[in-house]
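Chemist: After the sequence you'll find the predicted model.
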Amino acid sequence: MTGVIFDIKKFSIHDGPGIRTTVFLKGCPLRCLWCHNPESQSPRPELMLRPQRCIGCGACVNACPEGAIALQDGRVVTDMERCARCGACAAVCFAEARERVGREVTVAEVMAEVEQDVPFYDESGGGVTFSGGEPLAQPDFLRALLIACREREIHTAVDTCGFAPWEVVDSLRKHVDLFLYDLKLIDEAHHRRFTGASNALILANLRALAERGHAITLRVPVIPGITDDEENLRQIGALAAELGIQQIDRLPYHAIGAEKYKRLGRRYEMEVNR
Ligand code: SF4
Ligand code: SF4
């Protein structure tokens with residue numbers, strides 16, 4: 001069983017109780033305007049470029065099996081149409097002007113990293129958090145990871161936007177100790193405008209999990225001018241009260257993702273589309 005991840009962060013203290021290891025799965029069905037991890041959105045590995053770091057050595061030109069890179073007037077030019085995202089260029093770029101984001105890993109490889117920190121989980125009441133991207137977008141991989149954690153008595157949290165068929169949520173919910181459930185906007189039209197999708201499924205899944213007694217922490221990104229208006233926050237609070245959800249975490253906005261959009265050759269819509 002394999003899946004695609006883009007990071008494993010150790011000693012995390014903001015992704016659930018105690019000291020945790022957070023595993024970031026790649027791929028997300030939403031396109032939130034403010035997303036600060038644009039490299040998490042595509043389900044496949046990607047190439048990120050920092051041309052200002054390039055020293056023009058040409059090593060990447062020779063390493064590329066697709067012939068996608070050329071040196072033109074001392075500048076490296078990459079043909080992204082030909083690029084197969086293999087990462088061979090990044091492996092030889094000692095100036096770190098090229099980076100491959102995302103790698104295919106087995107469940108055993110992830111668990112080997114996770115298990116290194118079991119003493120910290122035990123000491124702090126921590127565990128593992130599966131985040132993304134959207135972890136539910138790789139349901140078989142996620143389920144296998146959750147089961148592997150359960151077998152080792154490691155506490156599990158899933159940080160999700162909730163945008164997945166109920167059948168997917170239902171198939172793995174019994175292996176999850178805590179849902180960190182992102183809730184952005186209650187107004188359906190606003191949700192569609194700022195995330196690219198309706199929130200009907202998200203709200204239905206949230207309700208279904210709450211009715212079945214699952215531990216849920218709501219996570220609300222506080223995005224100036226989008227999610228932070230009084231009416232939206234009041235409605236989220238009312239829904240939490242109705243569903244018996246006792247913890248709501250606010251996630252502050254920060255623009256650290258803007259530079260990543262440039263490295264991916266994309267526009268940061270938050271800057272241009274408001
Ligand atoms: S290997 Fe890195 S530093 Fe050398 S030419 Fe390619 S991008 Fe520039
Ligand atoms: S990722 Fe692979 S295919 Fe793409 S430019 Fe680098 S070496 Fe070439």
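Modeler: All right, it came through fine. Ligands and ions are numbered 1, 2, ... in the order given.

Chemist: Sheet partners, orientation included, of the lengthiest strand in the chain?
Modeler: Of all the elements of type strand in the chain, the one with the most residues (DSSP state E) is strand 2-12. When pairing is defined by DSSP bridges, strand 2-12 lines up against strand 20-25 (antiparallel), strand 103-106 (antiparallel).

Chemist: Contacts (any at all) between ligand 2 and whichever helix or strand comes after the longest one?
Modeler: The reference is to strand 20-25. The first helix or strand that comes after strand 20-25 along the chain, using DSSP states H and E, is strand 46-49. Yes - against ligand 2, strand 46-49 shows contacts by C-beta under 6 Å from any ligand atom at Leu47. For glycine as for every other residue, the C-beta is placed from the backbone atoms N, C-alpha and C.

Chemist: For the helix or strand that comes right after strand 46-49, list the C-alpha coordinates in CSV.
Modeler: Going down the chain from strand 46-49, the next helix or strand is helix 59-63, by DSSP H and E. Output in CSV follows, covering the C-alpha atoms of helix 59-63 (Å, rounded to 0.1, in the frame of the first residue of the first chain):
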residue,chain,number,x,y,z
ALA,A,59,24.0,20.3,-13.8
CYS,A,60,20.2,20.1,-14.1
VAL,A,61,20.4,20.3,-17.9
ASN,A,62,22.5,17.2,-18.0
ALA,A,63,20.5,15.3,-15.4
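
Chemist: Show me what helix 59-63 packs onto, helices and strands only.
Modeler: strand 69-72, helix 88-92 (3 or more C-beta pairs under 8 Å, 6 or more residues apart in numbering; DSSP states H and E).

Chemist: ok, now with 10 Å
Modeler: strand 69-72, strand 75-78, helix 88-92, strand 98-101 (3 or more C-beta pairs under 10 Å, 6 or more residues apart in numbering; DSSP states H and E).

Chemist: Centre of the chain to that helix, how far?
Modeler: On the basis of C-alpha atoms, centre = their mean, to the nearest Å, helix 59-63 is displaced by 31 Å from the centre of the chain it belongs to.

Chemist: Let me know whether it sits next to ligand 1.
Modeler: Yes - judged by C-beta under 6 Å from any ligand atom, helix 59-63 and ligand 1 are in contact via 59-60.

Chemist: now do stretch 254-274
Modeler: No - where contact is defined by C-beta under 6 Å from any ligand atom, no part of stretch 254-274 touches ligand 1; the two come within 12.4 Å at best.

Chemist: which SS state does Asn205 fall under?
Modeler: helix (DSSP: H, G, I helix; E, B strand; the rest coil).

Chemist: hang on, the earlier thing: what mean pLDDT does the longest strand of the chain get?
Modeler: Averaged across strand 2-12, pLDDT comes to 97.

Chemist: can you give me how far that strand is from the chain middle?
Modeler: 9 Å.

Chemist: Please save the CA atoms from stretch 250-260 in CSV.
Modeler: Output in CSV follows, covering the C-alpha atoms of stretch 250-260 (Å, rounded to 0.1, in the frame of the first residue of the first chain):
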residue,chain,number,x,y,z
ARG,A,250,-9.2,29.6,15.3
LEU,A,251,-6.5,29.4,12.8
PRO,A,252,-4.9,32.8,12.0
TYR,A,253,-4.3,33.9,8.5
HIS,A,254,-0.7,34.4,7.3
ALA,A,255,0.5,35.1,3.8
ILE,A,256,3.5,32.8,3.9
GLY,A,257,2.1,30.8,1.0
ALA,A,258,2.4,33.7,-1.5
GLU,A,259,6.1,32.9,-2.3
LYS,A,260,5.2,29.2,-2.8
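
Chemist: Quick check: mean pLDDT of it?
Modeler: In this model, stretch 250-260 carries a mean pLDDT of 89.

Chemist: Can you point out the buried residues in it?
Modeler: Buried residues in stretch 250-260, defined by neighbour count with 16 or more other C-beta atoms under 10 Å: 257, 260.

Chemist: Contacts made by that stretch with the rest, please.
Modeler: 14, 34-40, 48, 50, 101, 182, 184, 218-228, 233, 266-268, 270-271 (C-beta atoms under 10 Å, 6 or more residues apart in numbering).

Chemist: Now, of those, which are buried?
Modeler: Buried residues within the contacts of stretch 250-260, counting neighbours by 16+ other C-beta under 10 Å: 34-40, 48, 101, 182, 184, 218-221, 223, 226-227, 233, 268, 270.
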